[in-house]
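[1] My questions concern the predicted model and sequence given below.
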Amino acid sequence: MPKVQADDMTLRVQEVLDKFGSPPLAETPLAKKACSPTPEGVLAMIIDAMLKSRPVQHGLSQRTVNHLIEVGYHDVNKLSDSTWEERTDVLRESGYNRYREQAATNLGALAEFVQEKYDGDLNNLLQQGRAERDEVGRLVKDIKGVGDLAEELFLNNVQSVWPSMTPFVDSRSLKTADEIGIGTDVEAIYDAVQRDPMKMSRLANGLSTVRLEYRQQGISI
């Protein structure tokens, strides 16, 4: 693709933000509380990434994330106190069936991991990773059920509250950005959002929406 002109790229970035950009956990009960790095919010972002990284229909995984938060599983103590059977029932209620048993196991392992390694707060992982994105990403993948894609989805969101992770766009969304004329220069994209970590997170999520809903052809200036 030819080099993207700065003005055109900025216009396309703004269009994605205006039409599709959404902050982390926007469709969940935590939507209004996800703008600060609370232990509950960061844990919810990991749960969100774990479920959405599986080959499951996006709407179903979103409903499941919502339900897990509704029952309080973003609280590491409540998640720790839950049984495998209880987690399985909650997932079943959401219709999350294909990977239900594996997800129930992974959620239990997540609670144990966060409690034992990070004193119940994943913000301590940021400190252990010296606030360096590559190191934080490596540590995040120590969590059972978090692979490369889940790591990227987590970084999309957590950069809004861990600014040292910015600028970041997951690899699939960066491909979408190239397809719709934004390009793949992440630093230039960051400039186009006024170097605002929350806007960068919203843009990454917006690009995911464009890809998931096959709207590439609808982005035109």
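    Yes, it's here.

[2] and Val158, how many neighbours does it have?
    Burial of Val158 is recorded as 28 neighbouring residues (other C-beta atoms under 10 Å). For the C-beta atoms, the positions are set from N, CA and C on the backbone; glycine is no exception.

[3] Please identify the nearest residue in space to it, excluding sequence neighbours.
    Met45 (5.4 Å; C-beta to C-beta, 6 or more residues apart in numbering).

[4] Please state the offset of whichever strand or helix holds that neighbour from the chain centre?
    Element membership for Met45 (DSSP states H and E) is helix 39-52. Relative to the centre of its chain, helix 39-52 is centred 7 Å away, using C-alpha atoms, centre = their mean, to the nearest Å.

[5] Past the lengthiest helix in the chain, which element shows up next along the chain?
    Secondary structure of the chain per DSSP state H: the longest helix is helix 100-118. Sequence order places helix 123-128 as the next helix or strand after helix 100-118, per DSSP H and E.

[6] Can you give the contact residues for that following helix?
    37, 39, 42, 117-118, 136, 139-140, 162, 164 (C-beta atoms under 8 Å, 6 or more residues apart in numbering).

[7] thinking again about what came up before, count the neighbours of the residue nearest to Val158 for me.
    Met45 has 27 neighbouring residues, counting by other C-beta under 10 Å.

[8] switch to numbering from 59
    That works, and once the first residue is 59, the last one we named lands at Met103.

[9] Show me the domain layout of the chain.
    59-81+223-279, 85-217 (automatic domain parsing).

[10] The ones you listed: lowest mean pLDDT?
    Lowest mean pLDDT of the domains of the chain: domain 59-81+223-279, a mean of 88.

[11] Could you pull out the buried residues of the longest helix of the chain?
    158, 161-166, 168-169, 171-172, 176 (16 or more other C-beta atoms under 10 Å).

[12] Over to stretch 81-88?
    Neighbour-count burial for stretch 81-88 flags 81-83, 86, 88 (criterion: 16+ other C-beta under 10 Å).

[13] Can you classify Pro95 as helix, strand or coil?
    Classification of Pro95 by DSSP: H, G, I helix; E, B strand; the rest coil places it in coil.

[14] Helix, strand, or coil at the closest residue to it other than its chain neighbours?
    Excluding its sequence neighbours, the residue lying closest to Pro95 (C-beta to C-beta, 6+ apart) is Val219, at 4.0 Å. Here Val219 is recorded as coil under three-state DSSP.
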